[in-house]
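Kindly return the folded structure for what I paste below:
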Amino acid sequence: MRALHIITGLGVGGAEQQLRLLLRHLPVDCEVVTLTDPGAVADGLVADGVRVHHVGMAGNRDVSVLPRLVRLIRSGGYDVVHTHLYRACVYGRPAARLAGVRAVVATEHSLGDSQMEGRRLTRGVRALYLASERLGRATVAVSPTVAERLRRWGVPAPRIAVVPNGIDLARFRFDPVARHRTRRRLGLPEDAYVVGGVGRLTAVKRFDVAVRALAELPADCWLLLVGGGPDESVLRRTAHEAGVADRVLFTGERPYVPDGSLGPDLPALVSAMDLLASPSPEEAFGLAVVEALAAGLPVVYASCPAVEDLPPQATGPARRVTGGCGTLARAVAEIRALGPQPRSAPDAALHYSIDRSAGRLMDVYRAALAASPGRHPSPSPQEAPTS
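Numbers count the residues shown, from 1 in each chain. Below is the predicted model:
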């Protein structure tokens, strides 16, 4: 089986890194197309031996990308086309159908109640999404919560399959050596209590709540923010205004580079934390929370379908906290007062192993192919652009 994955961009982000991890575990010959931004994750995919194509899309309305995608898909002899993220779905699904591929699958990574990938859910956004959705065989939701949102949008239930995001459990297992080394490299005091935040630094993630909560915690508490994004300058200003700028560390984006050549990678940074805070009120899955649980961290979160969709006894040290910075600060203080706890992964983390997710996605591929009896398009001699 040959599959082509089309994604909006390959900078460091949850959906992008999830795609790279998934391709390591899918028993399928896969290639990837990025519409824009062949960034750090593209480099990682190439290092993994995956061919990455870049079609150089100039913007949301660059319709010239459609015929380029059609030619690329026809040239590759793909059995399945799998799209990821809004723009790739809107352009990739019609391109696949025009190229003659009927087994078209899309994963919905980021659908919230009021936004998708940070864009407001207007009627136009919804209409365009639904129009392209009808061209596919299946839409994958990363959680039952997202599946229900898709049904409310009007996507027929039989077309929706739930395949949760997956994690590499071994990669996130707590490492005391990495903890000591990473804290020293970051300049963190050895006895500091480190609250972590992981994700894009955008307004919807509400990391400003964690910054303000730090001002209500003792002076030996630090905040470690892992990620990049347009709100970094806003958060730095918020930290200055709150008087905690000297206790907030920004690491920037952290692709998975286990040799440490680009500084501590995400698993090492998570090992350096004592607690993860996820104040975002609207998540589609909550990957950072699950990764933290895999490292045995206690977690406070405002929204995490990955945890909320499981029985309470499976969620381990994860506490839902709603409200502002005062509520978050009190929750952190209460968890800290319990003292050090064993750093072992609860059932919630074990439930989301990447091998399990890859197996479920293969079931979706087989069903899409079984429902697509038409002849596969013949490869075209025209060369497709590659990065």
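
residues contacting residue 124?
Residues near residue 124 by CB atoms under 8 Å, 6 or more residues apart in numbering: none. Every residue, glycine included, has its C-beta placed from N, CA and C.

C-terminal to whichever strand or helix holds it, what's the next element?
Using DSSP states H and E, residue 124 maps to helix 123-133. Counting by DSSP H and E, the next helix or strand C-terminal to helix 123-133 is strand 138-141.

now that next one: mean pLDDT?
Strand 138-141 shows a mean pLDDT of 96.

May I have the strands that pair with it, each with its orientation?
Here strand 138-141 has these sheet partners by DSSP bridges: strand 104-108 (parallel), strand 160-162 (parallel).

Report the backbone C-alpha coordinates of that strand in CSV.
These are the backbone C-alpha positions of strand 138-141, laid out as CSV (Å, rounded to 0.1, in the frame of the first residue of the first chain):
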residue,chain,number,x,y,z
ALA,A,138,-13.6,9.0,6.1
THR,A,139,-12.9,11.8,8.5
VAL,A,140,-10.7,10.7,11.5
ALA,A,141,-11.4,12.5,14.8
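
any chance of the strands paired with strand 138-141 in a markdown table, with distance to residue 81 and mean pLDDT too?
A markdown table is the format used below for the strands paired with strand 138-141 (distance: least, CB to CB, whole Å; pLDDT from 0 to 100):
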| stretch | distance to residue 81 | mean pLDDT |
| --- | --- | --- |
| strand 104-108 | 5 | 95 |
| strand 160-162 | 16 | 96 |
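
highest average neighbour count across those?
Ranked by mean neighbour count, these are led by strand 104-108 with a mean of 27 (mean count of other CB atoms under 10 Å).

and that one with helix 123-133, angle?
Using axes from the mean of the first three to the mean of the last three CA atoms, to 10 degrees, one finds that strand 104-108 and helix 123-133 are set 150 degrees apart in direction.

which residues in the stretch 151-300 of the chain form strands?
Under the criterion DSSP state E, counting those that start in this stretch, the stretch 151-300 of the chain contains strands at 160-162, 193-198, 221-226, 248-252, 275-278, 299-301.

can you redo these as CSV with distance to residue 69?
Output for the strands of the stretch 151-300 of the chain, formatted as CSV (distance: least, CB to CB, whole Å):
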stretch, distance to residue 69
strand 160-162, 24
strand 193-198, 32
strand 221-226, 33
strand 248-252, 32
strand 275-278, 35
strand 299-301, 37
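
of the ones you listed, which approaches residue 52 most closely?
strand 248-252 (22.5 Å; CB to CB).

Residue 251 is nearest to which of the strands paired with strand 138-141?
Closest among the strands paired with strand 138-141, using CB to CB: strand 104-108, at 27.2 Å.

Tell me the gap between that closest one and the middle of its chain.
Mean-position distance between strand 104-108 and its chain equals 15 Å (CA atoms, centre = their mean, to the nearest Å).

what's the answer for stretch 12-20, then?
5 Å.

who touches that stretch?
5, 7, 9-10, 32, 39-41, 44-45, 48, 84-85, 107, 109-110, 165-166, 199-200, 227-228, 253-256, 287-288.

Can you flag the buried ones in those residues?
Neighbour-count burial (16 or more other CB atoms under 10 Å) is assigned, among the contacts of stretch 12-20, to 5, 7, 9-10, 32, 39-41, 44-45, 84-85, 107, 109-110, 165-166, 199-200, 227-228, 253-256, 287-288.

Give me the buried positions along the helix holding residue 124.
Those would be 129, 132, 133, for helix 123-133 by 16+ other CB under 10 Å.

can you map out the strands along the stretch 1-150 of the chain?
For the stretch 1-150 of the chain, applying DSSP E, counting those that start in this stretch gives strands covering 2-7, 29-34, 51-54, 80-84, 104-108, 115-116, 119-120, 138-141.

can I get the ones you listed in JSON lines with distance to residue 278?
Converted to JSON lines, the strands of the stretch 1-150 of the chain look like this (distance: least, CB to CB, whole Å):
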{"stretch": "strand 2-7", "distance to residue 278": "24"}
{"stretch": "strand 29-34", "distance to residue 278": "27"}
{"stretch": "strand 51-54", "distance to residue 278": "30"}
{"stretch": "strand 80-84", "distance to residue 278": "22"}
{"stretch": "strand 104-108", "distance to residue 278": "20"}
{"stretch": "strand 115-116", "distance to residue 278": "16"}
{"stretch": "strand 119-120", "distance to residue 278": "21"}
{"stretch": "strand 138-141", "distance to residue 278": "20"}
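
just so I know, which of these lies nearest residue 248?
Per CB to CB, nearest to residue 248 of the strands of the stretch 1-150 of the chain: strand 115-116, 25.5 Å.

Give me the residues contacting the closest one.
Strand 115-116 is contacted by residues 86, 110, 121, 125, 129, 204, 282 when judged by CB under 8 Å, 6+ apart.

Find me the pLDDT at the last one, would you?
Spelled out, that is residue 282. With respect to pLDDT, residue 282 scores 89.

what about it, distance to residue 27?
34 Å (CB to CB, to the nearest Å).

Settle it for me: which of the two has more neighbours?
Under the criterion of other CB atoms under 10 Å, the comparison of residue 282 against residue 27 puts residue 282 first, with 15 against 9.

Touching, residue 8 and residue 84? I think so.
Yes - taking contacts as CB atoms under 8 Å, residue 8 lies within contact range of residue 84: 7.3 Å.

I'd like to know which of the strands of the stretch 1-150 of the chain lies nearest to residue 325.
When the strands of the stretch 1-150 of the chain are compared by CB to CB, strand 115-116 sits nearest residue 325, at 21.9 Å.

Average pLDDT for the closest one, rounded please.
Rounded mean pLDDT across strand 115-116 is 74.

That's all I had, so thanks and see you.
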